[in-house]
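Peer 1: Curious how this folds, go ahead:
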Amino acid sequence: MKNFIIVFIACITLSSCATAQKVAKSEAKTDSIAEKMLVYQLSNGAWPKQLHDKSVVKYELPLTDELREKIRATSYMHATIDNAATSREINALVLAYKSTGNLSYLKAAERGIDYLLKAQYPNGGWPQYYPDKSSYRAEITYNDNAMINALTIMLNIVYQKNGFEVVDAKYISKAEDAVKRGVDCILKTQVVQHGRPTIWAAQYDQNTLVPAKARAFEPASLSTGESVGVVRFLMKLKNPSEEVKTAIANAVAWFEGTKIIGLKYDKIGEKDKGLVAAPDAISWARFYDLQTNKPIFGDRDNSIKDRIEDVSQERRYGYAWYGTFAQNLLAKEYPKWLKAHEK
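Peer 2: Residues are numbered from 1 along each chain as shown. Take a look at the predicted model:
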């Protein structure tokens, strides 16, 4: 009889717990965008930038039955850090958890962090896609800040900043190692010209760390926009090493020496662009030759041009060949950092 009573009480307790969990789940606050991110998350913890039919992931779209089917048909091979995919979702879900307390968001973000840790190469770099290694997807990718976005998440975990203090403490030591190896990769991939470090390429061979090309119009070259992102990341490091300080100083010196004054990239026709006079403008080309520091321009036929005028009209208009990439870095950010790190 005694054993029966114990079992009976245990059953009541388990039933109450199960009921309580269901109630708690039903009462948990939700975030509409975060809820969609849970649906899009792939089986390996990452997110795609495109679905299997090449449609772009847009969280503002309603989750129709047709769209849900497309999402289900998108395999883990679409996992990527390109175009802010995966890092965007991890950041958003961490903040959604902070504002709602909904544990499912935090767990999804941590699965994304697990993916980033697994995708990092032993040499510290991150590929654009993982585990897909086709074409240039396996290359170490600074393009569009892909690797820097991943490293920034790791740094936020280490420093317990920007909402990442809510992430399980077990990730701190893992993130510290990821940052250490990532910074080492950054230092090793800074392009050296005639003994002097300059800036960075957009992507590198994952084994040799030699600058590599991506799409037909994206040649192996010095890449200004991506290099600004690299420098900004390095300036976030607390107590930076002398090697890091030197890397930053050399990159800034390169930007100072290559800036174009009095010209900007703007419309010159219905569907055309080129350099036009602008007295106060400071610009840089997007890509520079690895040896000569001369601007270079790619085209869809894999050809490399020395002049923007020689690039096909479609590519002149459809790609950002010039920009103000390092303007704020030189004028405001670097001087502020330099003052904070004066001996």
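Peer 1: Number of residues surrounding the nearest residue to Val230 once chain neighbours are set aside?
Peer 2: The shortest distance from Val230 to any non-neighbouring residue, by Cβ to Cβ, 6 or more residues apart in numbering, is to Trp200 (5.3 Å). Glycine gets a C-beta too; all of them are placed from N, C-alpha and C. Trp200: 25 surrounding residues under other Cβ atoms under 10 Å.
Peer 1: ditto for Val231
Peer 2: Neighbour tally, Val231, other Cβ under 10 Å: 25.
Peer 1: For it, what is the enclosing helix or strand?
Peer 2: helix 224-234 (DSSP states H and E).
Peer 1: cool, and Leu338?
Peer 2: Assigned by DSSP H and E, Leu338 falls in helix 334-340.
Peer 1: in that helix, what's buried?
Peer 2: Within helix 334-340, the residues scored as buried using 16 or more other Cβ atoms under 10 Å are Tyr334, Trp337.
Peer 1: Roughly how far does the residue nearest to Val230 sit from Leu290?
Peer 2: 11 Å (Cβ to Cβ, to the nearest Å).
Peer 1: residue boundaries of the strands in the stretch 1-150 of the chain?
Peer 2: Assigned by DSSP state E, counting those that start in this stretch, the strands in the stretch 1-150 of the chain fall at 140-141.
Peer 1: Flag the shaky bits of it, pLDDT-wise.
Peer 2: 1-27 (pLDDT under 70).
Peer 1: what about the helices in the chain?
Peer 2: All helices of the chain, identified by DSSP state H, fall at 2-27, 32-40, 65-72, 87-100, 103-119, 146-159, 170-189, 224-234, 242-258, 313-318, 327-328, 334-340.
Peer 1: In TSV: these, plus distance to Arg307.
Peer 2: Shown next, in TSV, are the helices of the chain (distance: least, Cβ to Cβ, whole Å):
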stretch	distance to Arg307
helix 2-27	62
helix 32-40	43
helix 65-72	43
helix 87-100	36
helix 103-119	39
helix 146-159	29
helix 170-189	28
helix 224-234	18
helix 242-258	17
helix 313-318	11
helix 327-328	23
helix 334-340	31
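Peer 1: what is the rounded mean pLDDT of stretch 289-297?
Peer 2: For stretch 289-297, the mean pLDDT works out to 96.
Peer 1: Ok, which of the helices of the chain comes nearest Asp306?
Peer 2: helix 313-318 (14.2 Å; Cβ to Cβ).
Peer 1: what residues does the closest one touch?
Peer 2: Contact with helix 313-318 is made by Phe217, Lys271, Asp272, Lys273, Gly274, Phe297, Gly298, Asp299, Arg300, Ile308, as judged by Cβ atoms under 8 Å, 6 or more residues apart in numbering.
Peer 1: wouldn't the last one be in contact with Asp272 here?
Peer 2: Read that as Ile308. No: contact status for Ile308 versus Asp272: not in contact, 10.3 Å apart, counting by Cβ atoms under 8 Å.
Peer 1: So if I had to pick from the two, which one is more boxed in?
Peer 2: Neighbour comparison, Ile308 and Asp272: the larger count goes to Ile308, with 18 against 12 (by other Cβ under 10 Å).
Peer 1: which residues does the more buried one contact?
Peer 2: Gly274, Leu275, Pro295, Phe297, Arg316, Trp321, Tyr322.
Peer 1: Export those residues as CSV, with columns for distance to Gln41 and neighbour count.
Peer 2: Below are those laid out as CSV (distance: Cβ to Cβ, whole Å; neighbours: other Cβ atoms under 10 Å):
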residue, distance to Gln41, neighbour count
Gly274, 43, 18
Leu275, 44, 19
Pro295, 41, 22
Phe297, 38, 24
Arg316, 39, 21
Trp321, 36, 22
Tyr322, 37, 22
